[in-house]
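Participant: after the sequence you'll find the predicted model.
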Amino acid sequence: MSNPIPSRKEVIEDIKNRGELVAAVLPIHYSRALLRCFSIYPVEVWGPPKVDVSLGGAHLQPYVCSIVHNALSFLKMGGLNAADFILIPHTCDSLQGLTSVLIDLIKPEQAIIPLYLPRGQREEDIIFLADEFRSLYTRLSELTGKKPSSKDLLAAIKREETSDLLLAKLYKTRQQMGLSNLDFYRLVRSREYLPAEHFSTLAEETLQTSTQPRPGIPIILSGIVPEPMEVLNKIDEMNGQVVADDLACCGRRLYKPGISPEPFRRMAERIISAPPDPTRGNPIEERVKYLVEMAQNSGAQGIIFYEVKFCEPELFDLPNLRNSLKEHGLASIIIEVDINNPLPHQVATRISAFLEMLDS
Amino acid sequence: MKIAALGIDVGSTTVKMVGIDAAGEIVWHHLEPVDPRVEKQVDSFLNKLKQEINSLNNIPLIATGYGRNLVHQAVKNITEITCHAKGVYHQLGHGGTLIDIGGQDSKVIVIGTKGQVVDFAMNDKCAAGTGRFLENSAARMQVPIEEMGTVALSATEEVAISSTCTVFAESEIISMIAHGVEIEPILMGLHRSLIRRVVAMVRSVGLVPPLLLSGGVVKNPAIRKVIEEETKEQVFLPEHPQLMGAYGAALFALKLMAS
Amino acid sequence: MGITDSLKYYWNVKVVGQPFLHWQRRQAERRPKVSSRWRSDILSPPLRIGAKTKELISRHYLEGRYANGHRPVAWVTSGGPVEILQALGFYVLYPENHGALCGVRKAVVEIYGEAENAGYSTDICSYARTDIGSMLSGKTPVGRLPKPDLLLACTNICQTVLHWYRVLAKHFEVPLILIDTPFVYTKASDHALEYVKKQLENSIPIAEQVAGRTLDYRRLKEIIHLSKDATELWLEIIGRGRHHPAPMSVFDQFIHMAPIVEMRGKKETVDFYAALLKELDENIDKGIGAVRNERKRLLWDNLPIWYRLRYFAENLGEHGICVVASTYTNAWAELAPLMNLEKPLDSMANTYMHPILNQGTKYKLDTMKRMVEEFQLDGVILHSDRSCKPYSIGQIDQRNLLIQEYGIPALLLEADHDDPRAYSEEQVASRLASFVEMLDD
């Protein structure tokens, strides 16, 4: 890569220095365009890993996953002080609980803004989600005093659409780019905090530089988030190559451009038509079809289900997914992690053994 | 004695080293409790062997097991999954479903018709499905580990242990003892509880007969009996059940040398 | 639907089964037998209505056993809008209730083991694991469960149900109706209510197609009427806990709530609760309390620990403590006022948006505080239920606030509603003992 990717911290400082607003956004789906119309810059919070977990543990039971625990711990240790708002999409029961505890009982300084995501892909779901964005517009308007026009909204949406198309292109050409697993994910995950225009520039530059493709045992990574990121180095070390992914923070957010000229509906269409995601209620059959096609298109030989412990939306589908993939000749393995722990020995052993198995 | 290749398996409780001849037969082996300074221990293993056969030159060593990364004398590391499959297949001459219950990890490996790993499962992070579960509980009851199985089998009845969590199980046991329950039925219940967890792993990968068993726990007769009861399959043991990982590693070393 | 199946149904259910269950109940009523293990020294004799409860539940599962081929069958989540399905003649099964029954009958470990063996994680809800285990193996303590022709998942109790019902839909290859009810953090928005109503409307043609008949709106109103009547009676029954001593403990409520969950919208359910209310009033007149020597009164929060109901009743009863009320049994009562016969779909949308599980943590805290005051309670036991995140998240702060802000003693107990492996009696016993000592201070 020609330019180094700025860190979350640098990006936040830059936004703050320009006197603009930051929204900390929790996983998974929302509309970046809607925030940007109000000159609010979304910076996503996926955990983060390795924080003082006792802070969240004072409010949440141990059977709540480490992503939700850490989001709260991070907030309590001041990690979100730079954020003017905290937007929490309704992704699962645990994030729902966290949102409610924050609004009702913990009451941090920043406004907590919930966003409900419908669990179907029907017309009524699109209508509802568009309405949900409309009401979020009203809320942000009250908070900022701004009233962006339809034209502003559409311009913001198109800017994000451009960025997402470039993201899709990075995915498509990843096998020719020669990036290590870690470098590729550092790049695509910068979409979590870089403004769209900045990300687009970075993506275009990367697409122009070409290096030798890296050989390796081709695999797919599925799950919520590849944390701790050392796991990607481990896969490199074992001569594995992630050729495609079904990760909530990455591949499940390859949003296609919307169709409707009406901005709120267009935002909703983009999310509803995204790749299948259990947190948005897609049937298991759709996920099987999607994963099998992904494996065929990428040449992947196996799938690692890299799961955060206690993540119910992920856990329910696994037996069916694994059986169906097996019928299609695809081996798979489940790895459960707590994102606070350094990559445990056992996890490394399982990944190694899985790659040895695919290689034999 | 002509040693052509070496394999070492650094487990969480014991270290095993195996030497094989050019035909792949075990001609030398050694087993010791694990020392935290693994590299030093491996040196002492190698020195011991050197005294017996004079020269270790050009004998490749492959390491496996929990501490495989700590063995700097090895030319390569391979996971215990792949090594166990290799070792067991080579010794028995066929595939099947291998259960290996270790102190830290338990694993179930489906071995294909060519000795390759077809699928595998390992216990999750908690100790409930491992040998540690039995060891902790036996220690609570002051029964020596070596006698655990025999004592359990002497039970005329069995109590159900509902907790699979090691910590919960301990308090459950204490309360049972306080209520006058005998040790034998509790031990039998503990074996059942452990084996059910392991059998769940077997089911999750799908049992391909025959059922094979390796690891240190094969010395415990109750384990084998309860596995047979729970799976309704006969269990087969390799000749050196504790050495299968190291043996597999040695076989890989031999192959490496040949290529 | 086939003639043979219908004949089988009539023979087994109407001719043989129901008269037998009726006879069995009459026998039990004529010669009430109290088990020798019943702690008569600390608890009053069991309520007489118990024989009727048993008859109703047995009959419900008996009807289910022979339903396939005779009537359309739907599997529904406990908070699901069931009235439309009932008006269409569906036999309705509640897997959660079945899960609870498996828990009470101590059959869960074997059944959910089947799901775990098939690769379902021990970290997913124990109701779901039990149901999936039963689905895969056919194991159930009630003989046989009918296969569904239709599934209905309503997200007003959790998101878990949708993931769970997706698994059922894949296995049984039948349509799944999703009623998605946006979580009410503070106030339900108009567009959310509209969304729920729209989904209810759209579910009708799907259910009609499976049932092979069209919805009769007059019948729907009748059912909502019956549903409302039964719910109001249940509200009154719970309200009787205000009396000292309380005529019924929550451990009884947990058992006698089965009809309000799985037989709403039926005449016999209304009659059943009228009879229960009458019995409670008689006991109040005679001064009979559920716990003989009631000294302290508590509130229970969250789902029951199904496999240890008796243990809790006795352990606390021994200290003269009666658990009088619970936010859980109250959940099936508090929505009665929202039902409006004149606007069936609008009122259903509103009702099904507002169960306690679909509302914020503040609402739950306020509910607990209100109940403590209304029922004159001395403390709260919050069951932190590993299998139910929506109910449990927030309890740590709620407990602290109950103590610090309102001076109400409160105890958080870690367990699981249906998984005995996640429950340690020794830990629970020592926590309960110190809580009891604290109440006495």
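Facilitator: Perfect, I can see it now. Numbers count the residues shown, from 1 in each chain, chains lettered A, B, ... in the order given.
Participant: separation between the residue of the stretch 151-259 of chain B found nearest chain C and residue B:119?
Facilitator: Going by CB to the nearest CB, chain C is nearest to residue B:203 of the stretch 151-259 of chain B, at 3.5 Å. The C-beta positions use only the backbone N, C-alpha and C, and glycine is treated the same way. Residue B:203 sits 12 Å away from residue B:119, taking CB to CB, to the nearest Å as the criterion.
Participant: give me the nearest residue to the residue of the stretch 151-259 of chain B closest to chain C, chain neighbours excluded.
Facilitator: Distance criterion CB to CB, 6 or more residues apart in numbering or on different chains; nearest residue to residue B:203, sequence neighbours excluded, is residue C:117 at 3.5 Å.
Participant: got it, and residue A:153?
Facilitator: Of all residues not flanking residue A:153 in the chain, residue A:263 sits nearest, at 3.7 Å (CB to CB, 6+ apart).
Participant: same question, residue C:289
Facilitator: In space, and not counting its chain neighbours, residue C:289 is closest to residue C:245: 2.4 Å by CB to CB, 6+ apart.
Participant: quick one, phi/psi of the residue sitting furthest away from the middle of chain B?
Facilitator: What lies farthest from the middle of chain B is residue B:179; by CA atoms, centre = their mean that is 34.8 Å. Dihedral pair for residue B:179: phi -90, psi 10, per degrees, to the nearest 10.
Participant: the residue in chain B that chain A sits nearest to is in what secondary structure piece?
Facilitator: Residue nearest to chain A within chain B (CB to the nearest CB): residue B:81, separated by 3.6 Å. Using DSSP states H and E, residue B:81 sits in helix B:80-92.
Participant: by contact count, what packs against that helix?
Facilitator: helix A:345-359, strand B:5-10, strand B:61-64, strand B:96-101, strand B:106-111, strand B:117-122, strand B:211-214, helix B:244-258 (3 or more CB pairs under 8 Å, 6 or more residues apart in numbering or on different chains; DSSP states H and E).
Participant: buried residues in the first one, which are they?
Facilitator: Burial within helix A:345-359, assessed by neighbour count using 16 or more other CB atoms under 10 Å in any protein chain shown, is assigned to A:346-358.
Participant: what angle separates that helix from strand B:117-122?
Facilitator: In terms of direction (axes from the mean of the first three to the mean of the last three CA atoms, to 10 degrees), helix A:345-359 departs from strand B:117-122 by 170 degrees.
Participant: does helix A:345-359 reach chain B?
Facilitator: Yes: on the criterion CB under 8 Å from any CB of the partner chain, helix A:345-359 is in touch with chain B at A:345-346, A:349-350, A:352-353, A:356-357.
Participant: just confirm residue A:73 contacts residue A:52, I think it does.
Facilitator: Yes: because the distance of 5.7 Å satisfies CB atoms under 8 Å, residue A:73 is recorded as touching residue A:52.
Participant: these two: which is more packed in?
Facilitator: Neighbours per residue, other CB atoms under 10 Å in any protein chain shown: of residue A:73 and residue A:52, the larger number sits with residue A:73, 24 against 13.
Participant: would you say the more buried one is within a helix?
Facilitator: Yes: under DSSP: H, G, I helix; E, B strand; the rest coil, residue A:73 sits within a helix.
Participant: roughly how far apart are it and residue C:320?
Facilitator: 42 Å.
Participant: mind checking the SS state of the nearest residue to residue C:328 once chain neighbours are set aside?
Facilitator: Spatial nearest neighbour of residue C:328, excluding adjacent residues (CB to CB, 6+ apart): residue C:303 at 5.8 Å. Secondary structure, three-state DSSP: residue C:303 is coil.
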